[in-house]
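# fold the following and give me the result.
(one chain, ligands or ions: 1)
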Amino acid sequence: MSDLPRLGVNIDHVATIRNARGGDHPDPVRAARLAAEAGAEGITAHLREDRRHIGDNDIQRLVDEIDLPLNLEMAATDEMVEIALRHRPPHCCIVPEKREERTTEGGLDAARHHNQLAPVVRRLREEGGIRVSLFIEPDPVQVAVASALGAEVVEFHTGRYVEHVFAGETKDSEAELERIRDAATDGAGRGLEIHAGHGLTFDTVKPVAAIAEMRELNIGHFLMGEAIFIGLEEAIRRMKALIAEARA
Ligand code: PXP
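Numbers count the residues shown, from 1 in each chain. Model prediction:
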């Protein structure tokens, strides 16, 4: 088995474009099918409370029609737990969610929300047989709490690292990468599977993919934007090639 990090393709923003006009086009399930053909190893979709992009019917269709494992991103609410238990995707990633945010702005504060998260992690695992991931900052306290909560996976928020790269703040981006590396070593040492994502692009993916413990990268917005110019399959192939180069 390859030890390259898997690429999970987040298809939310295909639904963003669809919803801008109503109707069925473009179809995120068709994008998921294309992603599979281009070599994606998983599909990620975030069912938000306000359903601004992916909708309930998309989740049903992704589970029914796509062969790749679905990673359902969701807030730790009763409504989302019921939906996850109804559809039983193989993987769920618990994310923080604020109605007014444009995107998921930071990781979960697992330490602060321990009591809210504990029953959610337990129900998804025990009642749904679902592998649970927590989307957290690369921080030792968050890693320790995620492990104590019984999550099997932690996904590190890479948004801050990417922002520093694009602002030309080399020292800060290096420091943030170091935090991600340290958290990956810490998490893997605790038996957690290590994932990362948010804001990753062709120019920023390699140092994250190069981290030895990294098992999966979840990437959406950049791939969908790039698909406008070079097509979705080509964007995914290039991203996978960069991930492979990072480990060469
Ligand atoms: N991982 C998680 C947990 C996310 O919530 C998101 C989307 O916000 C992503 C990865 C993908 O981020 P992006 O669309 O910026 O690539």
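
# all the helices of this structure, residue numbers only.
Assigned by DSSP state H, the chain shows helices spanning 12-21, 28-37, 56-65, 78-87, 114-128, 140-149, 159-166, 170-189, 205-209, 221-230, 232-247.

# what about the second one, average pLDDT?
On average, the pLDDT along helix 28-37 is 98.

# go through that helix and flag the buried ones.
By 16 or more other C-beta atoms under 10 Å, the buried positions in helix 28-37 come out as 28-29, 31-36. Heads up, the C-betas are built off the backbone N, CA and C, glycines and all.

# how far is it from where the chain is centred?
16 Å (C-alpha atoms, centre = their mean, to the nearest Å).

# next: the longest one.
Relative to the centre of its chain, helix 170-189 is centred 18 Å away, using C-alpha atoms, centre = their mean.

# and if you look at the third one?
What separates the centre of helix 56-65 from the centre of its chain is 18 Å, taken as C-alpha atoms, centre = their mean.

# now swap in the last one and tell me
The chain centre lies 17 Å from the centre of helix 232-247; the measure is C-alpha atoms, centre = their mean.

# still on that earlier bit, can you lay out the helices of the chain as JSON lines showing distance to the ligand?
Formatted as JSON lines, those follow (distance: least, C-beta to the nearest ligand atom, whole Å):
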{"stretch": "helix 12-21", "distance to the ligand": "7"}
{"stretch": "helix 28-37", "distance to the ligand": "13"}
{"stretch": "helix 56-65", "distance to the ligand": "15"}
{"stretch": "helix 78-87", "distance to the ligand": "13"}
{"stretch": "helix 114-128", "distance to the ligand": "15"}
{"stretch": "helix 140-149", "distance to the ligand": "13"}
{"stretch": "helix 159-166", "distance to the ligand": "7"}
{"stretch": "helix 170-189", "distance to the ligand": "14"}
{"stretch": "helix 205-209", "distance to the ligand": "10"}
{"stretch": "helix 221-230", "distance to the ligand": "3"}
{"stretch": "helix 232-247", "distance to the ligand": "10"}
